[in-house]
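>>> Got a sequence here, can you model it:
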Amino acid sequence: MQPPFRIGLGYDIHPLVAGRRCVLGGVVIDSPVGPDGHSDADVVLHAVADAVLGAAGLPDIGQLFPNTDPSLRGLDSARIVERAVKEAAAKGWAVGNLDLVVLAERPKLAPHVPAIRTRLGGLLGVSADQIGVKATTQEGMDAVGEGRALACHAVVLLVKA
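Predicted coordinates:
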């Protein structure tokens, strides 16, 4: 018997570079540095998409949106999440809730958490109160702690639609 819910875990990390637009959770954040990557490099949306895809037993974003595809250069990562949700729905799953932790020394995320929750709710088809967004630092350790990268862990609960 298949349970009426599934849990998925997603993770992403990108280096920070000067002069690159900083998008986190689909929200543009004023910052002198931004995550570098093939798409808009939104670590939050990448982790969320992989969590949804994983919970639904689907291929990860690297398989669905390969960074070797030149047509995907600069892609808005909201399109990735929208596809993940659509693919999960086609298998009979809907998002129940999302919890995530952003690891960053910079930029500071606290002022942006309400906007990120609202944006994620819209993409996932849930209310903002079904989304937890936390930020933490790496206390000066590793590339994230040295302010050279951003990372995100996401956990999603899918429920039978």
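
>>> so is residue 71 in a helix, a strand, or just coil?
Applying DSSP: H, G, I helix; E, B strand; the rest coil to residue 71 yields a three-state assignment of helix.

>>> Counting neighbours, what do you get for residue 40?
Residue 40: 24 surrounding residues under other Cβ atoms under 10 Å. C-beta coordinates here come from the backbone N, C-alpha and C atoms, glycine included.

>>> How confident was the prediction at residue 141?
pLDDT for residue 141: 89.

>>> actually residue 72, not the one I wrote
pLDDT recorded at residue 72 is 89.

>>> residues contacting the nearest residue to it once chain neighbours are set aside?
Closest residue to residue 72 apart from its sequence neighbours, by Cβ to Cβ, 6 or more residues apart in numbering: residue 65 at 5.6 Å. Neighbouring residues of residue 65 by Cβ atoms under 8 Å, 6 or more residues apart in numbering: 39, 72, 75, 80.

>>> Make sure the first one is indeed in a helix.
No. For residue 39, which was evaluated using three-state DSSP, the result is coil, with no helix membership.

>>> what about the helices in the chain?
Under the criterion DSSP state H, the chain carries helices at the ranges 43-55, 61-64, 77-90, 113-124, 142-145.

>>> Next, the angle from the longest one to helix 43-55.
Relative orientation of helix 77-90 with respect to helix 43-55: 20 degrees, computed using axes from the mean of the first three to the mean of the last three Cα atoms, to 10 degrees.
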